[in-house]
Every structure is written in structure tokens, then in C-alpha cells.
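[1] Just a sequence and a predicted model for now, questions to come.
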Amino acid sequence: MAISSGNTSSSSTAVSQLAKSNNAAVKTDDNRSVKEQARQAQNSAILKANEQVSLRSNNDSLSLLYKTALEGINAELEPVMGENAAQKIYDSGIDTSPEATAERIVAFATGFYGRYKELNPDNSEEENLTEFLKIIGGGIDKGFADAKDILKGLKVYEGEVESGVDKTYSLVMQGLNSFREKMLELAGNHQAADTTGSVANNSTV
């Protein structure tokens, strides 16, 4: 059967138009894809910029530090006192000065000492304090290190932020030392009272 040249010509034209249409669709999809990627990159940059601006404030940085320190303490206590022994608490809108932040970290960490003593009744007060402070001290160190890494990664660990973190750490260490001295003093007083009571009872016999 003979095929007319007219039919061949119109078939070629149709194929050519279809190819052009497909190419245009592909280009449109490519353009959309590029625009979408550009939009996502822009959004990511805006979010990161907002985070950096926020964390340049020492208060916001110490909020992050507080949260990270509590997570570090929780991780260290878990093998000794069970999962989620230290409930993760993070309050927004609280006083985040170095003094207040350090006070909350110390109070949070030392609040588990009574329970730790119950789990180790055969140890002396000094032995329990040494081991307990070693455990929570490791968690605090890790929390501070993690917070510093985050702040350094955001390029805001400098100036007021850096000095605030360093001051907070120093105050936490002072607070832990004060806690140790207080517990040893109370234990000594308790032991002295027991001894006095025992002597008094013996003298009346």
C-alpha cells in the first residue's frame, strides 16, 4: 500500500510538536524543582539566622545550656537509678542569669542524693558523696561540653555568651562543693548526737 507524502508530512509535524511540548514540560518541571530547592535553602538560611540572633543573647544561650546540662545529668544517672531517673524539665521564660542557672542545675542534680544513699546503705557518707558527685559531675561536664559545641557550631560562643557559660560552670562547681561540705557537716552532727545520746543512756543505767 502506498503512503501519501501528505500523510507523512503531517505525521512528522505532529511528532515534532509533541517533542517540543514534552521538552517544554520537562523544562517547566526543572524550573519548578530549582525554584523549590532555592526556596527551601532560603527558608533554612532564615531559620538559622533567627536562631543565631536569638542565641547571641546570653539569656537564650544559658537556657540552652540549662536544658543540655539536665539531659547530661539524666544520662549519667540512668545506669544507676533507672531510666528517666532525672525527669527532663525545661522551663521557658525563667531567670537565666548565670547565678540562677547554676542554682537550678545544682538543685536539680543534688536532689537525687537521698535516693542514691538508699541504694547504697553500706557506704559511709563520704563514700556516697564522692561517688554521687562523680556521677553527676560527669553528666554536668558532658552537658556543658554539648552546649558549647552547639553554640560554637552556630558561631555565637564568644563575648557575653562565652563568659556567661564559664561563669555558670564555675558557680555550679562551687555549689557542688558547698553541698558536699553541708552533707558531711550534717552527717558529723548526726553522728555526734548519736554518740552523746548513747553516753547519756549508759550513764543512767
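    Good, I have the coordinates. Numbering: from 1, shown residues only.
[2] Quick one: the strands in this protein, in order.
    With strands called from DSSP state E, the chain shows none.
[3] any idea how it splits into domains?
    Under the assignment automatic domain parsing, the domains of the chain span 1-55, 58-204.
[4] Check those domains for me: which has the lowest mean pLDDT.
    The minimum mean pLDDT among these belongs to domain 1-55 (a mean of 55).
[5] what's stretch 178-195 in contact with?
    Applying C-beta atoms under 8 Å, 6 or more residues apart in numbering, the contact partners of stretch 178-195 are Val106, Thr110, Tyr113, Glu125, Glu126, Leu129, Leu133. Where you see a C-beta, it was placed from the backbone N, CA and C, and this is true even at glycine.
[6] Kindly write the ChimeraX command that selects the buried subset of those.
    Buried residues among the contacts of stretch 178-195 (16 or more other C-beta atoms under 10 Å), as a ChimeraX selection:
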select :106,110,113,125,129,133
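[7] would you turn the contacts of stretch 178-195 into JSON lines with distance to Asp95?
    Formatted as JSON lines, those follow (distance: C-beta to C-beta, whole Å):
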{"residue": "Val106", "distance to Asp95": "15"}
{"residue": "Thr110", "distance to Asp95": "19"}
{"residue": "Tyr113", "distance to Asp95": "24"}
{"residue": "Glu125", "distance to Asp95": "33"}
{"residue": "Glu126", "distance to Asp95": "34"}
{"residue": "Leu129", "distance to Asp95": "28"}
{"residue": "Leu133", "distance to Asp95": "25"}
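[8] Let me know the closest of the contacts of stretch 178-195 to Gly139.
    Nearest to Gly139 out of the contacts of stretch 178-195 is Leu133 (C-beta to C-beta; 10.7 Å).
[9] all helices of this structure, in order?
    5-55, 58-81, 98-110, 113-119, 125-153, 159-204 (DSSP state H).
[10] Compute the inter-axis angle for the last one and helix 58-81.
    The one in question is helix 159-204. Between helix 159-204 and helix 58-81, the angle formed by their directions is 40 degrees, by axes from the mean of the first three to the mean of the last three C-alpha atoms, to 10 degrees.
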